[in-house]
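Chemist: How does the following fold in three dimensions:
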Amino acid sequence: MAKRVKTTIDYTEAIKELEQILERLRNGEVAINDLAPTVKRANELVEECRRQLTHTREELQKITEVPF
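Modeler: Residues are numbered from 1 along each chain as shown. Coordinates of the predicted model:
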């Protein structure tokens, strides 16, 4: 059986990478030619964080739902 490849990044890892990107942008460390791919990566990370937060919120709502 083939090993399943991890397609998502852990939330904590994504936040850490976003913080690193932000720091590089603030410090002017991103060359103009790297700006678009850097911003694209940041956007991908933000979307993944949103997806994970939405999933977690939905799971918590299921767990804490009071049956009548």
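Chemist: what ranges of the chain fall below the confidence cut-off?
Modeler: Along the chain, the model assigns pLDDT under 70 to residues 1-7.
Chemist: That one: helices as residue ranges?
Modeler: For the chain, the helices defined by DSSP state H occupy 11-26, 32-64.
Chemist: Can you name every helix or strand that the last one contacts?
Modeler: So the one you mean is helix 32-64. helix 11-26 (3 or more C-beta pairs under 8 Å, 6 or more residues apart in numbering; DSSP states H and E). All C-beta spots, glycine's among them, are computed from the backbone N, C-alpha and C.
Chemist: distance between the helix it packs on and the chain's centre?
Modeler: With C-alpha atoms, centre = their mean, to the nearest Å as the basis, helix 11-26 stands 9 Å off its chain's centre.
Chemist: ditto for stretch 47-67
Modeler: The answer for stretch 47-67 is 16 Å, by C-alpha atoms, centre = their mean.
Chemist: Can you mark which positions in it are buried?
Modeler: 48-49 (16 or more other C-beta atoms under 10 Å).
Chemist: Go ahead and name everything in contact with that stretch.
Modeler: Stretch 47-67 has contacts (C-beta atoms under 8 Å, 6 or more residues apart in numbering) with 8-9, 11, 14-15, 18.
Chemist: could you redo the last one with a cut-off of 10 Å?
Modeler: Outside stretch 47-67, the residues that touch it by C-beta atoms under 10 Å, 6 or more residues apart in numbering are 7-15, 18.
Chemist: from these, which would you call buried?
Modeler: Counted by 16+ other C-beta under 10 Å, these give 9, 14, 18 as buried.
Chemist: so can I have JSON lines of those residues showing distance to N43?
Modeler: Output for the buried ones among the contacts of stretch 47-67, formatted as JSON lines (distance: C-beta to C-beta, whole Å):
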{"residue": "I9", "distance to N43": "13"}
{"residue": "A14", "distance to N43": "12"}
{"residue": "L18", "distance to N43": "10"}
